[in-house]
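> This is a predicted model, with the sequence first.
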Amino acid sequence: MKTLRTPTYTALALLLIGTSTASYAEEKFTLLTNWYAQAEHGGFYEAQAKGLYKQAGLDMTIKMGGPQVNVMQLLAAGQADCTIGDNGQALEMWQSGVHAMTVATVFQHSPTVFISHDKVTKPEELKDKTFLLATEAYTSFWPWAKSTLGYGNTKIRPYTFSVQPFLADNNLVQQGYVTSEPFSVQKGGKPFYVYPLSDWGYPPYGNSIICMADTVQKRPAVLAAFIKASMQGWKDYLQDPAAGNELIRKDNPRMGADQIAFGIAQMKKYQLVTGGDAQTGGIGIITEPRLKETWDMLVKNKLIDANKVPFDQTYTLDLVKDAKVMP
């Protein structure tokens, strides 16, 4: 969706952002995250802690996801206004009849990685290893890895969100997030190597903001205000995360300060938030060519049917393009 039918949304968004809450009732807004509170959600918590959402006219609630939480189902059921996922997830849900749209992103490329005991120069050098994969891998990066990296005959074992099997067997390759699993693996004291799938051509964004198409049509000003406040939160979080971290640990007391610090360091190292098109378009920016790459990949690997998922209806650039929160 290149252009919204509501032409005044930008002016309304500016009004929401610039008007004191004493004059206007705050709009209730709920974001559902894709996991327990962690550094990867830090910008949203920072915006909440610093009152950026309140200044934008929003009565903001952040709900945590988790391993047993189907965020897309809850989004479709009206339990949240937006959720976090990769833009491929939104396309797959569209085919299932859930018309969800990508409206912005946090990470300019996927944080998904393979972790190996061996140093390799080419991805095909790992094809004879056994991969530890979670269930979600089979509808996201694994079909791409089989068709693009030559892993069609590679052996697989289930990943149960413990790195102990990987640490015990040098023939295993571990899936993970660059901000998470390496933190646990390094405690094993053995050499390991991290390979971001985006470096090998995997096209999706990471931690995209996904909303129902109906919400995009009915609440564009509110969504624009939410996106701008969130991206300012991300900029502030990467500069000084103290306020956001306090709220993260309040929601998720098991999240240690050392793990949060690791996640922030990795986001900076790999320029997840500030790299790519964010350098010119601002934090959170999405582009049609990048979105189309993911659509093409899913069609090629038969994860979606091109006739059932009309590409130009599955996203909008309008809500993030004027945020312009530069890194």
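All right, it came through fine.
> residues near I286, how many?
Around I286 there are 23 other residues, counting by other Cβ atoms under 10 Å. To be clear about C-beta, it is placed using only N, CA and C from the backbone, and glycine gets the same treatment.
> How about the secondary structure of it?
coil (DSSP: H, G, I helix; E, B strand; the rest coil).
> For the nearest residue in space to it that is not next to it in sequence, give the beta-bridge partners.
Once flanking residues are discounted, I286 sits nearest to T105: 5.3 Å by Cβ to Cβ, 6 or more residues apart in numbering. Counting by DSSP bridges, T105 is bridged to S208.
> you'd agree T105 is up against P204?
No - using Cβ atoms under 8 Å, T105 makes no contact with P204, being 9.2 Å away.
> Need the residues touching each of the two.
Counting by Cβ atoms under 8 Å, 6 or more residues apart in numbering, the common neighbours of T105 and P204 are N87.
> residues of the longest helix belonging to the chain that come out buried?
Across the chain, the longest stretch assigned as helix under DSSP state H is helix 220-239. Across helix 220-239, burial judged by 16 or more other Cβ atoms under 10 Å covers 220-238.
> Tell me which residue is most central in the protein.
Geometric centre of the chain, nearest residue: N207, 0.5 Å, by Cα atoms, centre = their mean.
> what about Y237, distance to K300?
36 Å (Cβ to Cβ, to the nearest Å).
> Equivalent analysis for G244, please.
According to Cβ to Cβ, G244 stands 38 Å off from K300.
> between these two, which one's more packed in?
In terms of neighbours (other Cβ under 10 Å), G244 is the more surrounded of G244 and K300; the figures are 28 against 14.
> Is that one in contact with G42, as I believe?
Yes - the pair G244 / G42 is scored as a contact, 4.6 Å apart, by Cβ under 8 Å.
> Need the residues touching each of those two.
Common contact partners of G244 and G42 (Cβ under 8 Å, 6+ apart): Y237.
> For the longest helix of the chain, output the C-alpha coordinates as PDB.
C-alpha atoms of helix 220-239 as PDB (Å, rounded to 0.1, in the frame of the first residue of the first chain):
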ATOM      1  CA  PRO A 220      -3.200   6.400  10.700                       C
ATOM      2  CA  ALA A 221      -2.500   9.600  12.800                       C
ATOM      3  CA  VAL A 222      -2.200   7.500  16.000                       C
ATOM      4  CA  LEU A 223       0.100   5.000  14.200                       C
ATOM      5  CA  ALA A 224       2.300   7.800  12.800                       C
ATOM      6  CA  ALA A 225       2.600   9.300  16.300                       C
ATOM      7  CA  PHE A 226       3.400   5.900  17.800                       C
ATOM      8  CA  ILE A 227       6.100   5.300  15.200                       C
ATOM      9  CA  LYS A 228       7.800   8.600  15.600                       C
ATOM     10  CA  ALA A 229       7.800   8.400  19.400                       C
ATOM     11  CA  SER A 230       9.200   4.900  19.200                       C
ATOM     12  CA  MET A 231      12.000   5.700  16.800                       C
ATOM     13  CA  GLN A 232      13.000   8.700  19.000                       C
ATOM     14  CA  GLY A 233      13.000   6.200  21.900                       C
ATOM     15  CA  TRP A 234      15.300   3.900  20.000                       C
ATOM     16  CA  LYS A 235      17.700   6.800  19.300                       C
ATOM     17  CA  ASP A 236      17.700   7.800  23.000                       C
ATOM     18  CA  TYR A 237      18.100   4.100  24.100                       C
ATOM     19  CA  LEU A 238      21.200   3.600  22.100                       C
ATOM     20  CA  GLN A 239      22.700   6.800  23.600                       C
END
